[in-house]
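A.B. asks: A predicted structure for the sequence below; I have some questions about it.
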Amino acid sequence: MTPPSKELADVSASERRDFLRGLSAFALGCGLAAPSRAIGEGKPSRTAIATALHRAAHQLLDRPVVFDDPYALRIVGAERVRRLALNLERYQAPRARAMRAFLVTRARYAEDQLARVYQHGTRQYIILGAGLDTFAYRNPYGSALRVFEVDHPSAQAWKRARLREQGIDLPRSLTLVPVDFEKHALAARLRQAGFRHTAPCFVSWLGVTMYLTRDAVMQTLRFVARSCVRGSEIVFDFSLPDDALAETERVSRAQRAARVAELGEPWISHFDPAALAGELKALGFSEAEHFGANEANQRYFSNRADHLRWRGSARIMTARV
Ligand SMILES: C[S@@+](CC[C@H](N)C(=O)[O-])C[C@H]1O[C@@H](n2cnc3c(N)ncnc32)[C@H](O)[C@@H]1O
């Protein structure tokens with residue numbers, strides 16, 4: 001890896017700090033160590049930056065794109081794009097490619113599901129743990145779809161500042177809702193933000209459950225099951241427990257887990273898919289179905305000359321009220 005100091009000679013101290021954080025976040029995908037720093041006190045979520053950088057790299061590297069996001073580069077900022085362009089080969093390492101395939105799959109799948117429920121009349125979209133998600137800024141349904149971006153207050157404040165910096169306006173259809181899933185009542189915060197409990201909603205919750213306590217995960221799922229009307233739906237991803245993983249996957253995940261813990265955002269919750277599907281039914285969901293790499297590769301990555309594929313043990317769950 002190129003030492004960052006050489007490339008950073010011409011940038012300010014704060015840009016340098018920011019870039020070093022970005023590199024630490026990139027370590028999620030390619031095995032580099034990083035100093036400790038958690039979300040909070042006006043800090044961004046570094047895992048959110050990491051996933052956004054993978055989506056940005058996807059726009060530059062992969063053809064055809066699986067997740068077409070014209071805002072993916074803009075949202076990460078010109079300086080990060082410049083660094084990304086200088087370091088693109090890192091994103092072509094096998095582990096980074098597999099990670100990128102997973103991240104674009106879950107983003108594409110959620111928006112495919114949203115398109116389907118929109119056709120059936122759903123007009124509210126809640127993006128939980130939104131990070132640098134850009135749907136709200138390229139919303140193809142315009143003012144017909146109300147969007148609620150929910151995120152940790154610090155991470156959201158940081159995103160708001162980035163949007164301002166990039167000249168990206170907050171559309172009238174978007175409401176930002178600051179929520180710490182471990183501390184705040186999601187239902188009350190959404191109600192205050194104008195969410196209508198009497199109308200169906202679509203919820204995406206991508207890349208978040210593994211960072212929360214099991215109680216916080218269940219509380220949020222309970223909110224959807226019990227407070228959202230019939231026809232509402234949630235899509236979320238989750239990671240499998242250690243005993244469901246093959247030995248090589250367990251070792252590789254333990255290494256990645258140690259690195260995200262160093263970033264201050266440790267993975268703390270894992271779920272068995274069948275048991276989770278049972279729990280979702282018990283919470284009141286009428287249907288729960290999950291899929292993983294095999295199904296996703298068939299749906300989104302078949303017949304590609306570049307052989308981009310999702311490898312790994314994460315799962316994506318869809319649950320309907
Ligand atoms: C890996 S990022 C995923 C972001 C985005 N969903 C994506 O796919 O790019 C994790 C997100 O979870 C949010 N998060 C983590 N812990 C949280 C908490 N306790 N309350 C609210 N949000 C939290 C972070 O702020 C961050 O936006």
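C.D. replies: Alright, I've got the coordinates. Numbering: from 1, shown residues only.

A.B. asks: In which helix or strand does Asp237 reside?
C.D. replies: For Asp237, the element it lies in under DSSP states H and E is strand 233-238.

A.B. asks: Sheet partners, orientation included, of that strand?
C.D. replies: Here strand 233-238 is paired, per DSSP bridges, with strand 202-205 (parallel), strand 315-320 (antiparallel).

A.B. asks: hmm, the helix or strand just after that strand touching the ligand?
C.D. replies: Toward the C-terminus, strand 233-238 is succeeded by helix 247-262 as the next helix or strand (DSSP H and E). No. Using CB under 6 Å from any ligand atom, we find that helix 247-262 stays clear of the ligand, coming within 8.9 Å at best. Glycine gets a C-beta too; all of them are placed from N, C-alpha and C.

A.B. asks: Any buried residues in the following helix or strand past helix 247-262, and which?
C.D. replies: For helix 247-262, the succeeding helix or strand toward the C-terminus, using DSSP H and E, is helix 273-283. Neighbour counts over helix 273-283 (16 or more other CB atoms under 10 Å) mark Pro273, Leu276, Ala277, Glu279, Leu280, Leu283 as buried.

A.B. asks: So which of these is the closest to Arg95?
C.D. replies: Of all these, Pro273 has the smallest distance to Arg95: 23.4 Å, by CB to CB.

A.B. asks: how much space between that closest one and Ala282?
C.D. replies: 15 Å (CB to CB, to the nearest Å).

A.B. asks: same thing with Leu263?
C.D. replies: Plainly put, Leu263 is 34 Å away from Ala282 if you go by CB to CB.

A.B. asks: what's the answer for Gly207, then?
C.D. replies: To Ala282, Gly207 is 25 Å away according to CB to CB.

A.B. asks: repeat for Arg304
C.D. replies: When distance is defined by CB to CB, Arg304 is 40 Å away from Ala282.

A.B. asks: Helix or strand: which one has Tyr125?
C.D. replies: Using DSSP H and E, Tyr125 falls within strand 124-128.

A.B. asks: Same check on Thr47?
C.D. replies: Using DSSP H and E, the element containing Thr47 is helix 46-61.

A.B. asks: ok, that helix near the ligand or not?
C.D. replies: Yes. Using CB under 6 Å from any ligand atom, helix 46-61 reaches the ligand at Thr47, Ala48, Thr51, Ala52.

A.B. asks: quick check: domain ranges of the chain?
C.D. replies: Per the record, the chain has its domains at 4-95, 109-247+266-320, by automatic domain parsing.

A.B. asks: Can you report how many residues neighbour the closest residue to Glu165 other than its chain neighbours?
C.D. replies: Nearest residue to Glu165, sequence neighbours excluded (CB to CB, 6 or more residues apart in numbering): Gly77, at 6.8 Å. Residue neighbour count, defined by other CB atoms under 10 Å, stands at 20 for Gly77.

A.B. asks: same thing with the one 10 residues further on?
C.D. replies: Asn87 has 18 neighbouring residues, counting by other CB under 10 Å.

A.B. asks: What of Met317?
C.D. replies: For Met317, the tally of surrounding residues (other CB under 10 Å) stands at 22.

A.B. asks: likewise Lys43?
C.D. replies: Applying other CB under 10 Å, we find 16 residues neighbouring Lys43.

A.B. asks: That one contacts Ala157, correct?
C.D. replies: No. If you go by CB atoms under 8 Å, Lys43 and Ala157 don't touch, sitting 9.4 Å apart.

A.B. asks: overlap in contacts of these two?
C.D. replies: Common neighbours of Lys43 and Ala157 (criterion: CB atoms under 8 Å, 6 or more residues apart in numbering): none identified.

A.B. asks: And the helices in the stretch 101-250 of the chain?
C.D. replies: All helices of the stretch 101-250 of the chain, identified by DSSP state H, counting those that start in this stretch, fall at 153-166, 186-192, 214-227, 247-262.

A.B. asks: buried sites along the third one?
C.D. replies: To tie it back to what came earlier, the one meant is helix 214-227. For helix 214-227, a neighbour-count test (16+ other CB under 10 Å) marks Ala216, Val217, Met218, Gln219, Thr220, Leu221, Phe223, Val224, Ala225, Ser227 as buried.

A.B. asks: Do you know the pLDDT at Ser45?
C.D. replies: Ser45 carries a pLDDT value of 88.

A.B. asks: Run through the residues that contact it.
C.D. replies: By CB under 8 Å, 6+ apart, the contact set of Ser45 is Ile39, Gly131, Asp151, His152, Ala155, Trp158, Glu265.

A.B. asks: for the ligand, what are the nearby residues on the stretch 1-150 of the chain?
C.D. replies: By CB under 6 Å from any ligand atom, the residues of the stretch 1-150 of the chain that approach the ligand are Ile39, Ser45, Thr47, Ala48, Thr51, Ala52, Gly129, Ala130, Gly131, Leu132, Asp133.
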